[in-house]
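Trainee: The sequence isn't on hand, but the structure is:
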């Protein structure tokens, strides 16, 4: 039967048990049913000019397609519903306008149904006959309102021209065009506009607007805009592809040319392959080195292995990296040491003010090396508060010796592989820090600084402190074994300088291997010299200022030191000077002045109120000034005793005292109680007195044995109601009245000078340590060296030298 012959149409509606069959005579062009089963499309709407295979879920739409296949026309309505799931679909999700399509070549499997959809004509939903799958609606087919006006013809020609321009940009469009030309007249405007819209990559909601636009001219206007956008996108895509292809072609061409060049050079004998070139590099390095026989044998074995490996194999890279490290170790290469002690002293004096005892110790060390014409490897430990110049002294030692310097920090290190290297079995394995240091300095006798050795850690990866035992032992480090290289390396010529803030956290076996040099804090005069000669010029240079633009007097620097920077080191002092310079630069930039002189009056403007004010020393009956040592340097420590009442005996301690200090207080109390009659204290005084001993600044933890004589003197002053002489003291007291030695004498002397105390009481056993304190620190001090507490009493209470008779009343 042809399209020109009349025929009957059968429409099936209802469920599976009911069929409504309507047979009527249909004329050509009017053979579309007025009732359609509807199915959703989710990505983009279907157009009458389209021919496209579609796939649907058999579970959801199998019954719908089964009923469509049983109809005579086999026509179904496709509606664009966006991203709505088929399970959640309701009639509200279906737009009014859709496309009626002819179903051809239906194929199904267990999950899906596929058919070729042939777009026929737009439909409009009039009434829903079934609101659940299979959806059924009564429809009508609206007129597309075409006309033969000149404008429509012009738009049609414009669309045809745009499609012609689009096809060369994307070959996929040509197949679509062939299908269209087989079914429609290319000059028919309505299907032409639908076809043009269908071939674009426009989003679905915009295409639905095209589908719902019935007037042909208006529809063509919209489609022409979409086609122009598509042309721009396609043109841009073509340019991108062309650029990518050009780059790929260039790289391929360069690759082939390089390969050809390699072959030509190899044939002419003027070039070698990568493997041969690597082997020559390693062999040339070895010629300049004096490699020990065991190490040379291992390196030769690796060279032979590298010679037979393929360059693309992973083992080649591992072997090559190993040889790279092994040949970078400066086997047998040493720098010449300088033995000029005068030059060494000049270098140390130039780089550092103060620290004369430290400089003397370093000069002594260098003198031994100069005498034997060899500075053998040694391990020095510089210990002191932060900011006193431990790291910079290490640099100065290297400079004085004329050696290369390498520094790395041990703070927080938890993996022993950082010291001894990883084993080669691990991916990304590397030698330890010591081999890396030797590679960088290119000599076997550098100065290596191990910074913050007191902050080294431990974890499940090992204990780096234990690994350092081999490194820092002169008897063992001549055959140090790095796990990565697996070869013995001689570190006996290396000068190791370690730094630490305290000794408590350094393992005893490690501490035993090091030569200890203490760096105490600086007094005001030393800080002033450091600020004037080093810190201030350095900060001016960093800020790009000249001495004429910014001036500061010694008095102003002294005010900064005494009011803002009393700590042992000079790091905070340097930060304060930076702050002053920043504020001055702002003034210079604002053109407030061409040059500025900083005076003591300006300090409050630049630095704020002073952190430290001149403290009035606590004095009176029962109050004695003690001297203490802390990790930040020396400090003065007043001790107070007071009689609370005489109703019952008691002894109370406050001030957050540590266990050792509490024991010292108890010993002092018991000693004074046992000797009360000897000191002229009334009988039974301590039997009925409740005494409170306090060390001010209760929030600060305090501990140590050096406050024994201070506490005893405070208790004695309180019991006798005598005001003590203005002195500061330190020393440990025994129950028999002996005064024992304590540590940190230099720091304690500096603390006393800082507070303006000029008379000190120190144990006789500490005389030697006091004599080692620099002369300019000791100058002007009156120091009493005592062996027993009787001597302390006569110094502190000079007007009460006579004590009570030993006879009992």
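Mentor: That came through, no problem. Since the structure is predicted, the reported quantities are computational estimates derived from the model, not experimental observations.
Trainee: Could you list the low-confidence segments of the stretch 301-450 of the chain?
Mentor: Low-confidence segments of the stretch 301-450 of the chain (pLDDT under 70): 376-377.
Trainee: Can you show me the strands along it?
Mentor: Secondary structure of the stretch 301-450 of the chain by DSSP state E, counting those that start in this stretch: the strands cover 378-383, 405-409, 447-451.
Trainee: who does the first one touch, helix- and strand-wise?
Mentor: I take that to be strand 378-383. For strand 378-383, the elements it packs on are helix 356-372, helix 390-401, strand 495-500, strand 515-518, judged by 3 or more C-beta pairs under 8 Å, 6 or more residues apart in numbering; DSSP states H and E. (Each C-beta comes from the backbone N, C-alpha and C, glycine too.)
Trainee: now what about it, what contacts it?
Mentor: Applying C-beta atoms under 8 Å, 6 or more residues apart in numbering, the external contacts of strand 378-383 come out as 358, 365, 390, 393-394, 453, 472, 474, 495-503, 511, 513-519.
Trainee: quick one on the thing from earlier: mean neighbour count, the strands of the stretch 301-450 of the chain: which tops it?
Mentor: strand 447-451 (a mean of 24; mean count of other C-beta atoms under 10 Å).
Trainee: What are the contacting residues of that strand?
Mentor: Contacts for strand 447-451 (C-beta under 8 Å, 6+ apart): 391, 394-395, 397-398, 401, 403-411, 434, 437, 468, 494-499.
Trainee: coming back round to it: okay, the strands of the stretch 301-450 of the chain in TSV with distance to residue 485 next?
Mentor: Output for the strands of the stretch 301-450 of the chain, formatted as TSV (distance: least, C-beta to C-beta, whole Å):
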stretch	distance to residue 485
strand 378-383	23
strand 405-409	18
strand 447-451	17
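Trainee: ok, back up a step: can you lay out the helices and strands packed on strand 378-383 as a markdown table showing distance to residue 127 and mean neighbour count?
Mentor: Shown next, in a markdown table, are those (distance: least, C-beta to C-beta, whole Å; neighbours: other C-beta atoms under 10 Å):
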| stretch | distance to residue 127 | mean neighbour count |
| --- | --- | --- |
| helix 356-372 | 104 | 16 |
| helix 390-401 | 91 | 21 |
| strand 495-500 | 93 | 25 |
| strand 515-518 | 102 | 16 |
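Trainee: got TSV for those, with distance to residue 94 too?
Mentor: Below are the helices and strands packed on strand 378-383 laid out as TSV (distance: least, C-beta to C-beta, whole Å):
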stretch	distance to residue 94
helix 356-372	92
helix 390-401	79
strand 495-500	81
strand 515-518	91
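Trainee: Out of the ones you listed, flag the one nearest residue 546.
Mentor: helix 390-401 (24.9 Å; C-beta to C-beta).
Trainee: So which of the helices and strands packed on strand 378-383 is nearest residue 556?
Mentor: From these, taking C-beta to C-beta, the stretch that ends up closest is helix 390-401, at 24.7 Å.
Trainee: Show me what the closest one is packed against.
Mentor: Using 3+ C-beta pairs under 8 Å, 6+ apart, helix 390-401 is in contact with helix 341-351, helix 356-372, strand 378-383, strand 405-409, strand 447-451, strand 495-500.
Trainee: Check the burial of residue 82 by counting its neighbours.
Mentor: Per other C-beta atoms under 10 Å, the neighbour tally for residue 82 reads 14.
Trainee: Am I right that it is in contact with residue 41?
Mentor: No: look at residue 82 against residue 41 with C-beta atoms under 8 Å: they stay out of range, at 9.6 Å.
Trainee: returning to that earlier point: would TSV of the helices and strands packed on helix 390-401 with distance to residue 421 be doable?
Mentor: TSV is the format used below for these (distance: least, C-beta to C-beta, whole Å):
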stretch	distance to residue 421
helix 341-351	34
helix 356-372	30
strand 378-383	21
strand 405-409	14
strand 447-451	16
strand 495-500	18
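Trainee: low-confidence ranges in the stretch 51-200 of the chain?
Mentor: Applying pLDDT under 70 to the stretch 51-200 of the chain flags residues 86, 145-147, 169-187.
Trainee: what ranges do the strands span in it?
Mentor: So, for the stretch 51-200 of the chain - with DSSP E, counting those that start in this stretch - the strands run 51-57, 75-80, 97-108, 112-130, 135-140.
Trainee: In its sheet, which strands sit next to the fourth one, and in what direction?
Mentor: Each strand that pairs with strand 112-130, with its direction, by DSSP bridges: strand 51-57 (antiparallel), strand 97-108 (antiparallel), strand 135-140 (antiparallel).
Trainee: Which positions within that strand qualify as buried?
Mentor: With burial defined by 16 or more other C-beta atoms under 10 Å, the residues of strand 112-130 counted as buried are 113, 115, 117, 118, 119, 120, 121, 122, 123, 125, 129, 130.
Trainee: circling back: please identify the most buried of the strands paired with strand 112-130.
Mentor: Mean neighbour count, computed with mean count of other C-beta under 10 Å, is highest for strand 135-140 among the strands paired with strand 112-130, reaching a mean of 20.
Trainee: In space, what's closest to the residue positioned nearest the centre of the chain - neighbours in sequence excluded?
Mentor: For the chain, the residue nearest the mean C-alpha position is residue 412 (13.9 Å; C-alpha atoms, centre = their mean). Spatial nearest neighbour of residue 412, chain neighbours left out: residue 457 (6.0 Å); criterion: C-beta to C-beta, 6 or more residues apart in numbering.
Trainee: pLDDT score for that neighbour?
Mentor: Among the per-residue scores, residue 457 shows a pLDDT of 72.
Trainee: Could you do residue 462 as well?
Mentor: 65.
Trainee: Same question for residue 549.
Mentor: The model's pLDDT for residue 549 equals 84.
Trainee: Quick check: phi and psi on it?
Mentor: The phi/psi pair for residue 549 (degrees, to the nearest 10) reads phi -80, psi -30.
Trainee: So what's the residue count around it?
Mentor: So residue 549, with other C-beta under 10 Å, has 16 neighbours.
Trainee: so what's it up against?
Mentor: 588, 594, 595, 596.
Trainee: again, only this time at 6 Å
Mentor: Residue 549 makes contact with residue 595, according to C-beta atoms under 6 Å, 6 or more residues apart in numbering.
Trainee: Repeat that for residue 193.
Mentor: Residue 193 touches 219, 220, 223, counting by C-beta under 6 Å, 6+ apart.
Trainee: distance of residue 481 from residue 332?
Mentor: Separation of residue 481 from residue 332 (C-beta to C-beta, to the nearest Å) stands at 18 Å.
Trainee: same question, residue 168
Mentor: 73 Å.
Trainee: Equivalent analysis for residue 285, please.
Mentor: Distance from residue 285 to residue 332, by C-beta to C-beta: 13 Å.
Trainee: For these two, indicate the residue with more neighbours.
Mentor: residue 285 (18 against 13).
Trainee: in the stretch 701-809 of the chain, which spans are helices?
Mentor: 708-720, 745-754, 767-771, 775-778, 789-796 (DSSP state H, counting those that start in this stretch).
Trainee: Buried residues in the third one, which are they?
Mentor: So the one you mean is helix 767-771. Those would be 769, 770, for helix 767-771 by 16+ other C-beta under 10 Å.
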